[in-house]
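Student: Sharing a model prediction with you, sequence too.
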Amino acid sequence: MIKRGFDIVSSLIGLVVFSPFFIFISLLILATSKGGIFYSQVRVGKDRKEFNLLKFRTMKPDSDKVGQITVGTNDSRITGIGKFLRKFKLDEIPQLINVIKGDMSIVGPRPEVPKYVNQYSQEQLKVLTIRPGLTDLASIEYINENEILGKSDNPEKEYVEVIMPKKLTLNIQYINNQSFFGDIWLIFRTIGKILK
């Protein structure tokens, strides 16, 4: 109950604080590329319930039909403003709405697309016992994931066989040791990592 209360209050505060940026970013997206303001993608949440994750659109329309993994920092599908939004994680701001709706939490394992969840082992499915989050230990450790994949000869294989298992191990580690103050620490670590 404490965590849910913190999620709702902090998300509402976040939406109020970021509202000027919300409007400004929306106008920039509309002015610099074709397509809508938001991008919605099906992700898998707690108890394997699917939901639509919201982001500011950072790629050209229908880019996910080419592939669901972003490769490198110079992926041709990413728009000019999209590169900036991704660098500072500003494209994630709309997910505060997902948090208020109850789809997500502020801190928790990042939600994955069904395609990859279907490849989880029984042990890895443990990450679906709690709400997914905006940030987690794995997000901090792999904040440069796109750069890593950009250097790989086979990004899809690299993600599925190397990165995803390591991230899931960190997610399970978080679940086994989660606490309110641990979440606060992860939030500040995330902010520090982004600014750095």
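Tutor: All right, it came through fine.

Student: rest of the way, CA atoms for contacts and neighbours
Tutor: Noted.

Student: what's near enough to touch the nearest residue to Ser63 once chain neighbours are set aside?
Tutor: If you skip the residues right next to it in sequence, Ser63 has Arg77 as its closest partner in space, 6.2 Å away by Cα to Cα, 6 or more residues apart in numbering. Counting by Cα atoms under 8 Å, 6 or more residues apart in numbering, Arg77 makes contact with Met59, Lys60, Ser63.

Student: Quick check, pLDDT for the last one.
Tutor: Confidence at Ser63, expressed as pLDDT, is 71.

Student: repeat for the second one
Tutor: pLDDT, Lys60: 86.

Student: For it, give me phi and psi.
Tutor: Here is the backbone geometry of Lys60 (degrees, to the nearest 10): phi -70, psi 150.

Student: ok, for Val107, nearest residue in space, not its chain neighbours?
Tutor: Gly133 (4.5 Å).

Student: Can you check which helix is longest in this structure?
Tutor: helix 2-32 (DSSP state H).

Student: what about Ile78, distance to Thr58?
Tutor: 6 Å (Cα to Cα, to the nearest Å).

Student: between the two, which one's more packed in?
Tutor: Thr58 (23 against 20; other Cα atoms under 10 Å).

Student: I'd guessed the more buried one sits against Lys83; true?
Tutor: Yes: if you go by Cα atoms under 8 Å, Thr58 and Lys83 touch, sitting 7.1 Å apart.
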